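J.: build the 3D model from these lines:
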Amino acid sequence: MKFFLLLLSGIYAFSLASCAQQDSAKDKSNPVNHLSAPEFNQMMEKTSDKQIIDVRTSEEFGSGYIEDAQNIDIYLSDFQAQINQLDKNKPVFVYCKGGGRSDDAADLMKKAGFQTIYALDGGIMAWANKNYPVVDTELTTADTFTRFDYDKLLSENSLLLIDYYAPWCGPCKKMEPALAKLATEFQGRVNIVRIDVDEAKALSKELNIENIPVITTIKNGKEVMRVNGLQTEEQLRAMINSLLD
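T.: Reported below is the predicted structural model:
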């Protein structure tokens, strides 16, 4: 009996070790590496033979891009065909505005057989927030929502929920109906405002807004809470109710 228990114990330990080895091998086989802006910059600097892919729209690309980047819009129907023309054996650095589209692009590149993929967490917003260089073009437009507008918003509203969004952001679009409903529900008590980060680039950088959507609550001019990513109607209502407590 003792021998039998020892045998079972040995088999169990071997099984755990095998699973751990398989998980490790699986991780190593994953070509997608998610990097912060400093890590992304450092890896690009030490990689001589690289491909930098900006998967935003041409209009977004025209507002500023990372040097040597090639624009391949992930929304275009021929996106897959265009990335298939790249060298799958060379490291590829992919980014977008806030990180969402580059994650999708990285997954498509992985399925297409690219060997090494670096995705920029937070996108070019995070990159610019760390003061890394961005190539400006003559298509760059001035902000329509500035720090002055933001300060005025805070001074005129004691309780605020601010949604930092962009028209191209999928999760932002999903939250829009819930925010509209809550704006009506809490009218006169909490002001719900949406700020387009593309129209408030300097302010977004100053407030360290990246990985949109970003939701903040503000009470008497001071930020109380900040959350990133898609929020349900219930989560948004809880944030609003916490302001009213």
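
J.: which pLDDT value goes with residue 2?
T.: Note on residue 2: pLDDT of 45.

J.: what ranges does this protein have for its strands?
T.: Using DSSP state E, the strands of the chain run over 32-35, 51-54, 70-71, 92-95, 117-120, 159-165, 191-196, 214-219, 222-228.

J.: now the ones you listed as CSV including distance to residue 84, mean pLDDT and mean neighbour count?
T.: Where you see a C-beta, it was placed from the backbone N, CA and C, and this is true even at glycine. Below are the strands of the chain laid out as CSV (distance: least, CB to CB, whole Å; pLDDT from 0 to 100; neighbours: other CB atoms under 10 Å):
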stretch, distance to residue 84, mean pLDDT, mean neighbour count
strand 32-35, 17, 94, 16
strand 51-54, 13, 97, 22
strand 70-71, 14, 96, 14
strand 92-95, 12, 98, 27
strand 117-120, 14, 97, 26
strand 159-165, 32, 97, 22
strand 191-196, 34, 97, 18
strand 214-219, 34, 96, 20
strand 222-228, 33, 95, 14
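
J.: switch the ones you listed over to TSV; also include distance to residue 235.
T.: Formatted as TSV, the strands of the chain follow (distance: least, CB to CB, whole Å):
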stretch	distance to residue 235
strand 32-35	24
strand 51-54	32
strand 70-71	35
strand 92-95	28
strand 117-120	26
strand 159-165	11
strand 191-196	14
strand 214-219	9
strand 222-228	8
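
J.: wait, which of those is closest to residue 44?
T.: Proximity to residue 44, assessed across the strands of the chain by CB to CB, is greatest for strand 92-95 (5.8 Å).

J.: can you give me the offset of the closest one from its chain's centre?
T.: Per CA atoms, centre = their mean, to the nearest Å, the displacement of strand 92-95 from the mean C-alpha position of its chain is 13 Å.

J.: okay, it in PDB with CA atoms only?
T.: This file holds the C-alpha atoms of strand 92-95, laid out as PDB (Å, rounded to 0.1, in the frame of the first residue of the first chain):
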ATOM      1  CA  VAL A  92       7.400  43.600 -36.500                       C
ATOM      2  CA  PHE A  93       6.500  46.500 -34.200                       C
ATOM      3  CA  VAL A  94       2.800  47.300 -34.300                       C
ATOM      4  CA  TYR A  95       0.800  50.200 -32.700                       C
END
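
J.: so who does the closest residue to residue 40 other than its chain neighbours touch?
T.: In space, and not counting its chain neighbours, residue 40 is closest to residue 120: 4.7 Å by CB to CB, 6 or more residues apart in numbering. By CB atoms under 8 Å, 6 or more residues apart in numbering, residue 120 lies in contact with 35, 37, 40, 93-96, 99, 102, 126-127.
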